[in-house]
Structures are given as structure tokens and as C-alpha cells.
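K.L.:
give me a 3D structure for the following:
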Amino acid sequence: MAYTYVFPQLKKHRTLAEPWHRMKGRWRNGGVETYSLGQSSGIRQLKQLALRSRIEVTEHRIGFADLPENFRGLRIVQLTDIHHGLYLPAAVVNLAVELTNNLDADIVALTGDFVTHSRNYIEPVAEMLGALRAREGVFAVLGNHDFRVDADRIAVALDRRGIEVLRNRNVMLRRRGQKFCVAGIDDFLYGADLPRAMHGVPRDTATLLLSHNPAIIEEAAELRIPLVLSGHTHGGQVRLPLIGCVYGRSDEKMRFKKGRDRLGRTQIYVSRGLGTVVLPVRYGCPSEIPHFVLESRRTASVEMSRSFSSDGWSARPHAHR
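P.N.:
Presented below is the predicted three-dimensional model:
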């Protein structure tokens with residue numbers, strides 16, 4: 001099922017020309033997020049532009065190979081590509097945390113790109129994410145933007161808030177003698193080491209792999225890892241009618257770049273994520289918080305859809321895909 005939340009539109013807004021000219025100039029000089037928190041007029045400009053944003057909370061039932069009986073029904077919520085900064089303010093991050101906590105997860109999986117350009121947003125986003133709650137823990141991996149900003153600093157900030165950062169390693173969860181592995185790798189272009197991450201994990205162990213970049217799918221399939229959660233692509237961010245997105249229109253070109261797919265025994269889900277890059281615009285590709293329920297492989301997978309409303313937000317119907 002999918003719950004859709006829509007930011008309310010302001011009644012009055014200015015033309016694009018003047019604020020866009022200023023933002024374009026700042027982008028050429030290194031990006032608007034290099035300016036100190038609270039001191040950039042870009043925030044006011046974006047409010048005046050009144051850009052619309054949506055978040056969908058989607059539910060997916062996953063048939064999971066070799067899932068131990070004591071872990072059936074395990075609930076996982078994924079947050080990815082938060083890109084906290086000028087284009088994704090604290091109010092949205094806090095709402096995402098609230099929505100996630102309301103889903104009563106066993107595991108919260110954070111799959112990278114917590115910030116975009118500026119170190120100024122590392123501590124604020126870590127502080128907000130520190131409010132996440134999950135019975136088995138909150139686990140994170142780092143994305144390409146995190147490495148470009150300061151991977152070590154981000155990992156330390158998250159760790160101080162009780163979030164376990166998996167940098168090419170794994171943890172083993174236990175329920176009454178049965179095991180479930182959560183593994184995580186660094187970004188695909190910044191030192192991902194899947195063999196190291198899977199060190200000590202017996203073959204055919206029920207494993208969830210967190211990887212910011214879905215390009216890891218071939219290596220994961222070789223190791224027969226049952227499920228990979230990724231982000232990075234933003235689902236295309238802008239998907240125009242007939243034209244499609246920047247990744248191309250064909251099903252083959254869109255494989256492993258959005259939504260649910262499979263390679264051999266390995267399933268992958270690529271979330272559209274929360275934030276944006278380059279421009280604060282999404283079209284035909286709303287932000288997403290996916291929620292997974294693990295079931296035995298024999299159980300049929302079901303995906304339903306409906307709309308939901310919350311204080312300060314208005315609901316829009318979400319069509320079946």
C-alpha cells in the first residue's frame with residue numbers, strides 16, 4: 001500500500017526569473033549549500049518559489065529465501081538519499097522520522113547520501129535521525145555524496161546517535177537461536193568491499209545487504225544474497241510523459257534503477273529516496289519511504305495502494321504500478 005503526503009502550496013509566489021538567477025550564480029560558485037546554515041537567502045527564495053514536494057510511504061511484502069521461522073514478518077523501513085540541506089529542510093527530515101517511527105519497524109535501514117555538499121548539515125541531520133527507533137536497531141551505509149563531503153565525520157556523527165554504520169562489515173541478529181545477517185558496504189565508487197562485508201557469514205544465511213548504489217547487484221547475485229536495499233538514482237527524479245527520465249525509456253535501461261527487481265536468487269529494491277540533487281524538483285517521481293515485510297518464499301507477494309492524510313498535509317491517490 002502507499003500513503004501519499006503533499007506539502008501545502010503557498011497562495012502567493014513570485015516569478016522564477018529573479019530568484020533563479022541568484023541560485024544559478026551560487027551553484028556555479030560551488031553550490032548553494034556551501035553557505036552557512038540560516039544565513040543564505042536561498043531558503044527564503046525557495047519558499048517564495050513554493051515548490052511542491054510529496055512523500056509516499058509504500059509497503060512491500062517480500063518472499064525471502066532461507067528466512068528463519070523466528071524472523072518471519074520482520075519489518076524493515078528504508079530511508080535513503082535524504083540530502084539534508086537547503087533543498088530538503090529539517091521539517092521534512094523530522095516528518096520522515098515521525099512517519100518511520102509510526103511504522104513500528106524491527107529494522108530501520110539508512111542507505112546513504114545524508115547530505116549533498118556542505119558539512120554544516122552533518123550534525124543537524126544526525127541529530128534528527130537519532131530519534132529513529134527500531135527493535136533490532138538502526139543501521140546505515142554511506143553514499144557517494146557522503147564521501148565527497150566527509151565520510152568519517154558523518155559516520156562518527158551517526159554513531160554518536162546510536163546508529164550503527166556498516167562500512168564493509170556485517171552484524172548478526174539472533175532470535176531464539178536463529179540468525180539473520182545485516183551487511184553493509186561503502187559506496188560502490190568509494191571502496192565497496194562485498195567479500196569483506198560478508199566475511200564470516202555462512203552461505204545461504206538469511207541476509208539483508210545495504211548498498212547505496214544498486215550497481216552492486218551482480219556481485220550480490222553471485223553470492224546469492226536474498227535482498228539488497230539501495231537508493232542513489234532518486235528513481236530518475238524527473239520522469240516526463242512519453243520521454244521518461246534521464247536513464248532512458250526502455251525497461252532494460254531502467255533495470256536496477258528504480259523499484260523492485262531480481263537477478264537470479266537476489267531481489268533488489270531501489271528506493272526513490274527523499275531528497276533531490278542539482279535542482280529541488282521532482283516530477284512524476286515523488287519521494288518515497290519504502291516499508292518491507294519479510295515472508296517465506298512460498299508466500300505470494302502483494303502490493304496494494306491507497307491514500308492517507310495527516311495534519312498539515314493533503315492526500316493524493318497513488319495509482320497501482
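K.L.:
ok, so what distance separates the residue most central in space within the chain from Gly73?
P.N.:
The structure's the chain has its C-alpha centroid closest to Thr80; by C-alpha atoms, centre = their mean the separation is 1.6 Å. Between Thr80 and Gly73 the distance is 23 Å, computed by C-beta to C-beta, to the nearest Å. From N, CA and C alone the C-beta is placed, and that goes for glycine too.
K.L.:
and what of Gly177?
P.N.:
Here Gly177 is placed at a distance of 18 Å from Gly73 (C-beta to C-beta).
K.L.:
more neighbours: which of the two?
P.N.:
Gly73 (12 against 7; other C-beta atoms under 10 Å).
K.L.:
pretty sure the more buried one sits against Glu295.
P.N.:
Yes. Look at Gly73 against Glu295 with C-beta atoms under 8 Å: they come within range, at 7.2 Å.
K.L.:
what are the ranges of the strands in the protein?
P.N.:
Ranges of strands within the chain are 2-6, 54-64, 75-79, 107-111, 137-141, 164-165, 169-175, 178-184, 207-210, 227-230, 259-263, 266-270, 287-296, based on DSSP state E.
K.L.:
got a list of contacts for the fifth one?
P.N.:
When contacts are defined by C-beta atoms under 8 Å, 6 or more residues apart in numbering, strand 137-141 is touched by residues 107-112, 129, 132, 158, 162-167, 171, 173, 182, 184-187, 210-212.
K.L.:
of the residues you listed, buried ones?
P.N.:
Among the contacts of strand 137-141, those scoring as buried are 107-112, 129, 132, 158, 163, 165-167, 173, 182, 184-187, 210-212 (criterion: 16 or more other C-beta atoms under 10 Å).
K.L.:
ok, Ser296 - how many residues close by?
P.N.:
14.
K.L.:
pLDDT score assigned to it?
P.N.:
Looking at Ser296, its pLDDT stands at 84.
K.L.:
so it bridges to which residues?
P.N.:
With DSSP bridges as the criterion, Ser296 is bridged to Phe64.
K.L.:
my guess is it meets Arg72, correct?
P.N.:
Yes. Assessed by C-beta under 8 Å, Ser296 is found in contact with Arg72 at 6.2 Å.
K.L.:
the strands of the chain into TSV, with extra columns for distance to Val277?
P.N.:
Formatted as TSV, the strands of the chain follow (distance: least, C-beta to C-beta, whole Å):
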stretch	distance to Val277
strand 2-6	21
strand 54-64	17
strand 75-79	16
strand 107-111	15
strand 137-141	18
strand 164-165	22
strand 169-175	28
strand 178-184	22
strand 207-210	20
strand 227-230	16
strand 259-263	19
strand 266-270	15
strand 287-296	13
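K.L.:
and the ones you listed, which one is worst for confidence?
P.N.:
strand 2-6 (a mean of 50).
K.L.:
I'd like to know how far the nearest residue to Ala65 once chain neighbours are set aside sits from Ile62.
P.N.:
Taking C-beta to C-beta, 6 or more residues apart in numbering, and ignoring the residues beside it in sequence, Ala65 has Pro226 as its nearest neighbour in space, at 4.7 Å. From Pro226 over to Ile62 the distance is 9 Å, taken as C-beta to C-beta.
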